[in-house]
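Participant: A predicted structure for the sequence below; I have some questions about it.
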Amino acid sequence: MRNLIFGLARPLQRLLGRQERGAIGVLVGILIGGGVLIGMGALVVDVGQLYQNRAELQNGADGGALAVARSCAQGTCASTDAKYYAGANAKSGVAGVNLVCGSGSLGACPASTGKIYDCPTSPLAGTNYVDVHTQTLTASGSSLLPPTFARTLLGNGNYQGTTVYACAQAEWGAPSVATASSITVSACGWATATGNGSSFAPAPPYPANPLPKAAQDQVLKLTTDSASGTCSAFNWTAQTSGCSASFSGNFAAYSGTGVPTNCASVLSSSQTHKTVILVPVYTDGSMCGQGQSATYMLEGFAAFVVTGYHLPGYTASDWLNSANNCTGSAECINGYFTQAIVPAAGTVGGQAMGASIVQLTG
């Protein structure tokens with residue numbers, strides 16, 4: 001503002017042929033009298049305040065939608081989580097949540113207005129989703145964001161403020177496309193271990209959940225031959241970065257030798273900390289080619305916890321069932337399948353195989 005005033009004053013000073021500071025005072029008086037500075041203040045301060053409130057409300061809606069979607073994926077659908085995240089993202093600590101709606105017990109959402117602050121149209125029937133609508137709420141309980149300067153402008157004396165709105169939409173469910181680890185397992189191995197999806201091991205953390213039973217521990221052996229005839233199989237896949245890739249449709253086997261880059265550390269982390277990794281499941285009989293030239297068809301995604309492994313140069317004893325430890329030249333990954341929300345980028349809409357993702361969709 002100071003630079004602007006001086007910038008306007010200097011031409012006037014040159015015109016008068018003087019460098020007196022009194023010219024600045026005259027100019028400021030003219031600007032204030034004409035309402036220019038007040039108008040600029042209203043524009044900078046009040047509009048900036050509206051934008052900040054909008055950003056806080058949007059962050060709160062995003063966090064609330066993800067939190068509610070996550071709770072729904074776990075079977076509780078705690079719509080009250082939206083209020084907590086809305087307030088936590090507000091500078092004042094409070095924000096209004098005027099609607100939480102969506103699929104199932106959340107209740108149907110109204111049609112989208114198409115306005116910039118509204119959620120998009122509800123997804124297709126059968127999609128699990130939640131909309132969280134937020135709005136301005138002050139510490140005094142008002143839904144109007146009060147102005148700082150705008151009320152002083154000519155003809156604006158009755159202006160009391162503006163209600164700002166935001167909305168976020170999130171979906172949850174089995175992914176059809178996802179970024180997952182470069183370890184693929186057979187569909188028949190998954191079906192055998194889970195009773196075709198009817199029985200899963202308890203998910204971490206332990207505690208609060210009980211440890212899985214030793215009988216739920218699986219031994220997956222490396223296979224590069226479609227005629228191997230084994231269901232309990234795994235293979236390394238082509239990777240785009242650090243033992244991971246984006247999977248959809250057909251995907252290729254690893255073209256290198258040994259354990260792919262960073263895959264040993266991924267296995268070690270899951271085995272040591274008892275954490276879930278997302279693994280692509282390939283359709284039985286979909287393997288084309290052999291060895292490093294093999295390709296697979298994606299069936300879905302499973303949530304897997306590593307309990308041990310025996311690979312060239314890398315070995316960790318099975319912490320759940322030591323009787324399953326592999327020896328000799330066998331290449332094995334041990335672990336169990338569970339049901340879990342996996343923090344992975346992807347698209348909801350795949351076959352339910354235990355793994356779920358939560359994503360913002362609007």
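Facilitator: Everything's here; your move.
Participant: For whichever strand in the chain runs longest, what does the pLDDT average out to?
Facilitator: Looking across the chain with DSSP state E, the single longest strand is strand 295-311. Taken as a whole, strand 295-311 carries a mean pLDDT of 97.
Participant: continuing past it, what's the next helix or strand?
Facilitator: strand 314-316 (DSSP states H and E).
Participant: Which stretches in the stretch 201-350 of the chain count as strands?
Facilitator: For the stretch 201-350 of the chain, the strands defined by DSSP state E, counting those that start in this stretch occupy 218-222, 233-236, 244-247, 250-252, 276-282, 295-311, 314-316, 332-338, 340-341, 346-348.
Participant: tell me the domain ranges of this protein?
Facilitator: For the chain, automatic domain parsing gives the domain ranges 36-171, 175-357.
Participant: can you tell me which residues contact the nearest residue to residue 239 once chain neighbours are set aside?
Facilitator: Nearest non-adjacent residue to residue 239, counting by CB to CB, 6 or more residues apart in numbering: residue 182, 4.2 Å away. For glycine as for every other residue, the C-beta is placed from the backbone atoms N, C-alpha and C. Going by CB atoms under 8 Å, 6 or more residues apart in numbering, residue 182 touches 236-239, 243-245, 254, 260, 263.
Participant: SS state for residue 56?
Facilitator: helix (DSSP: H, G, I helix; E, B strand; the rest coil).
Participant: how near is it to residue 361?
Facilitator: Note on residue 56: its distance to residue 361, by CB to CB, to the nearest Å, is 21 Å.
Participant: These two - which one has more neighbours?
Facilitator: Taking neighbours as other CB atoms under 10 Å, residue 56 and residue 361 compare with residue 56 leading, 21 against 18.
Participant: got a pLDDT number for the spatially closest residue to the more buried one that is not a sequence neighbour?
Facilitator: For residue 56, ignoring the flanking residues on the chain, the nearest one in space by CB to CB, 6+ apart is residue 90 at 4.8 Å. Residue 90 carries a pLDDT value of 94.
Participant: With residue 171 instead?
Facilitator: Residue-level confidence at residue 171 comes out at 97, pLDDT.
Participant: Now do the same contact list for it.
Facilitator: Here residue 171 is in contact with 69, 123, 127-129, 348, 358-359, 361 (CB under 8 Å, 6+ apart).
Participant: how about 7 Å then?
Facilitator: Residue 171 makes contact with 69, 123, 127-129, 348, 359, 361 under the criterion CB atoms under 7 Å, 6 or more residues apart in numbering.
Participant: Angles on the backbone of it, please.
Facilitator: Dihedral pair for residue 171: phi -120, psi 160, per degrees, to the nearest 10.
Participant: repeat for residue 174
Facilitator: phi -70, psi 140.
Participant: Quick check, it in contact with residue 347.
Facilitator: No: counting by CB atoms under 7 Å, residue 174 sits too far from residue 347 to count as a contact (10.3 Å).
Participant: Have a look at these two and say which one is more surrounded.
Facilitator: Set residue 174 next to residue 347 and count neighbours by other CB under 10 Å: residue 174 wins out with 20 against 15.
Participant: Local confidence estimate at the more buried one?
Facilitator: 97.
Participant: hmm, back to that, can you list the strands of the stretch 201-350 of the chain in a markdown table and add distance to residue 116?
Facilitator: As requested, the strands of the stretch 201-350 of the chain are exported to a markdown table (distance: least, CB to CB, whole Å):
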| stretch | distance to residue 116 |
| --- | --- |
| strand 218-222 | 49 |
| strand 233-236 | 46 |
| strand 244-247 | 31 |
| strand 250-252 | 39 |
| strand 276-282 | 34 |
| strand 295-311 | 34 |
| strand 314-316 | 52 |
| strand 332-338 | 41 |
| strand 340-341 | 30 |
| strand 346-348 | 24 |
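Participant: out of the ones you listed, which comes closest to residue 114?
Facilitator: strand 346-348 (23.3 Å; CB to CB).
Participant: Now do that closest one: everything it contacts.
Facilitator: Here strand 346-348 has contacts from 127, 171-173, 175-179, 357, 359, using CB under 7 Å, 6+ apart.
Participant: Okay, and which of those residues map to helices?
Facilitator: Of these, none are assigned to helices by DSSP state H.
Participant: Buried subset of the residues you listed, written for PyMOL?
Facilitator: A single PyMOL command suffices to select whichever of those are buried according to 16 or more other CB atoms under 10 Å:
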select buried, resi 171+172+173+175+176+177+178+179+357+359
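Participant: Out of the contacts of strand 346-348, name the ones that lie in strands.
Facilitator: Short answer: these in strands (DSSP E) are 171-173, 175-179, 357, 359.
Participant: So the residue nearest to residue 56 belongs to a helix, correct?
Facilitator: No: read with three-state DSSP, residue 90 is coil and lies in no helix.
Participant: And it, how far from residue 96?
Facilitator: 9 Å.
Participant: Residue 253 too?
Facilitator: Residue 253 is 53 Å from residue 96, by CB to CB.
Participant: and if you look at residue 77?
Facilitator: 21 Å.
Participant: out of those two, which sits in the more crowded spot?
Facilitator: Using other CB under 10 Å, the more surrounded residue of residue 77 and residue 96 is residue 96, with 23 against 19.
Participant: give me every residue that touches that one.
Facilitator: 134-137, 143.
Participant: What is the burial count for residue 115?
Facilitator: Neighbours of residue 115 under the rule other CB under 10 Å: 9.
Participant: do the same with residue 244
Facilitator: By other CB under 10 Å, neighbour count at residue 244 equals 22.
Participant: What's opposite it in the beta bridge?
Facilitator: For residue 244, the beta-bridge partners are residue 181, residue 241 (DSSP bridges).
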